[in-house]
Every structure is written in structure tokens, then in C-alpha cells.
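**Q** Sequence and predicted structure, then a few things I'm wondering about:
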Amino acid sequence: MNLFDKLFEQRTRQLAQRTSRRGMLKSLGGLLVGGAAIPLLPVARAAAAEGASRPVEEGDPGSCDYWRYCAIDGFLCSCCGGSANTCPPGTEMSPVTWIGTCRNPADGRNYVISYNDCCGKSSCGACLCQRDEGDRPPYRADKTNDINWCLGTSSAAYHCSTAVVVGVAFEDQ
Amino acid sequence: MRVLASIFCALAAFGASAAEINDRRAQFNYQLFCQGCHTPDGTGAMAVPRMKDQVGYFLATPAGREYLVRVPGSATSALSDADLAEVLNWIVREFAGASTPADAEPYSAEEVGRLRQNPLNEVEQYRVQLLADIAAVITGE
């Protein structure tokens, strides 16, 4: 018997002595139960809590009467290849934006809405939506939708507008 | 060690006022009146100055302290004196990091009400000189 065979035999016998025949079942069972417990860890709970503060949604984001568009003035990104939260491909979301609140009919609460413009391509031209609730004249520059909010992007060309929920409005009890 | 101590004191000074800050109201007012330009974490963008890890330096001199109230975005905002003081204290607490001097006091509604009567017009020029003065104080020159 050569050295390699001896070594192999020795290892195999050691393994057989150390482990039981049902060890495999045991570890597999542990893995299954442990795996099921992972969603209980704080990460998963944090994600669930965040979901709880997200509004209950109703309505069509492709339609001008969708609740989040209460103070919008522009082309809806959801008609231009993007969504109420995201810009269409090939455009850049402006980090500088104007912010207001809209009342969500699904739960009756007011939410803080950020009307980030998508920039870098010429006007989308679809689904023009002008609702202007709470819109202020340009001398209240941070509360007006009459200016081009493609500020802070590499291009100032306006394409369309999003309406991102950034928080719940504070209301005095 | 001195740096650590000063950071701790800064946290303690603004920490003491934490009870007076209504977090939800302060964050809502920040979102509605500041965040549009200053961005959610105070980083700013392009011409919008960065507040993150830096805004506390303004509290190193009296003129710097006044500046945060006298800039048009603060002074002419639609916020009441109490709400403006609260949101400024919130901004310092949330964004300033280690830039706040150890002995910095939180803003009061009375102080904010007085300072905002005198808003700045030529902000950019004023700011250049102000930052030079603050840098001189901080570096001890």
C-alpha cells in the first residue's frame, strides 16, 4: 500500500469516527431552520419598518389627477419612459428641486413630495400636467414651479418631472 | 485627545438642546424650506454650498453665527422665529459633524428674530471674506 492510499484510509477512518451517519441530516436541518430565522434579524425588520411609512397607493401615475402631482407643472416622466420616481433612460435627475406637500386620498395624510426634474434631453412633450396647488409666485423661488429646476445637473435642458415621496408632513395635533 | 474632547463637548452642548428640538417638525421644515437646494443630507450641489461636515465652522465667530440666520434662505423664509431657530439647531446637530466648536450654543428664537431683521444682500462676496476670517480663527492665526 503506498503512502497516498494509507493517508486516504487514515483520513476516511478518522472522518467515520468523528461524524455520525445522521450528521448530514442534522446540519441540513440546522441550515433550513437557521435560514428561516434570517428574516427576523434587524436588517429585515428595518426594511419592513421603512415600508410601513410608505404611503398606501391608489390611482394611475400616468394620469395627471394622480395624487402626487398636486403641485406639478410639466411633462409626466411616467409617460416619457420613466416613472413617478425615476427618470427616463438618457436623462439625469436634478438633485436641486422644489418641494411641497400633497394629500394622499388613500389614507388622508399629507406627504412631502419632491418634484425632481429629469434633464439632459429636450422636452418630452407627452402628458403635460399643470395643477399648481400651493404653487407660489417666483418671488418665493423655492415654492414656484414656473422656473426650470434643471439646476445642479450637467445639462439645463428640461425633459420631464417626477414626484418622489420624501416624507410624511408634520401636522400639529 | 484635545480633538476628541472638543468633539465630545460640541456634542454635549448641542445635545443639551436636543430636548427642545421636535425632530419630526424640524425635519419637515428642513424638507420643505431647505432640502430642495441643500439636498437630503446637506451635501448640496454645484452652486449650493455644502453644509455636511462643515456648517458648524460658522459657529466659530459671531459674524459666522449671524450669517447662518442672515442668509436670504433663512432670514426671508416663511418660517417663524421659533421654527427657524429649531431647524438651524437641527441642521447643526444632523450635518455639522466635528465642525461645531466645543462652546457653541444653540440658537434661540429671540436671537434668530433679531438677526433676521438684517438679511444679507451680496451673499457671495460677503461669504468669501467671512470664511477667510473663520479659517483664521480656527487655525489660530
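**A** Sure, I can see it.
**Q** How many residues are close by residue 132?
**A** By default, I'm working from chain A. 14 (other CB atoms under 10 Å in any protein chain shown). For glycine as for every other residue, the C-beta is placed from the backbone atoms N, C-alpha and C.
**Q** ah, I was thinking of chain B
**A** There are 9 residues near B:Ala132, going by other CB under 10 Å.
**Q** In three-state terms, label it for me.
**A** Here B:Ala132 is recorded as helix under DSSP: H, G, I helix; E, B strand; the rest coil.
**Q** what residues are up against residue 78?
**A** I'll assume chain A. A:Pro61, A:Gly62, A:Ala84, A:Cys127 (CB atoms under 8 Å, 6 or more residues apart in numbering or on different chains).
**Q** was after chain B, sorry
**A** A:Arg140, B:Phe33.
**Q** Would you mind listing the buried residues in whichever strand or helix holds A:Phe8?
**A** Using DSSP states H and E, A:Phe8 maps to helix A:3-18. For helix A:3-18, the neighbour count (16 or more other CB atoms under 10 Å in any protein chain shown) marks no residue as buried.
**Q** how about the helices in chain A?
**A** A:3-18, A:23-37, A:42-53 (DSSP state H).
**Q** What residues sit buried inside the second one?
**A** With burial defined by 16+ other CB under 10 Å, not one residue of helix A:23-37 is counted as buried.
**Q** which residue packs closest to B:Trp90, ignoring adjacent ones?
**A** B:Ala26 (3.7 Å; CB to CB, 6 or more residues apart in numbering or on different chains).
**Q** about what we covered before: mind telling me which of the helices of chain A the model trusts least?
**A** If these are sorted by mean pLDDT, helix A:42-53 sits at the bottom with a mean of 51.
**Q** Highest neighbour count among the contacts of A:Ser78?
**A** A:Ala84 (20 neighbours).
**Q** so that residue touches A:Arg68, yeah?
**A** Yes: with contact defined as CB atoms under 8 Å, A:Ala84 reaches A:Arg68; the gap is 6.0 Å.
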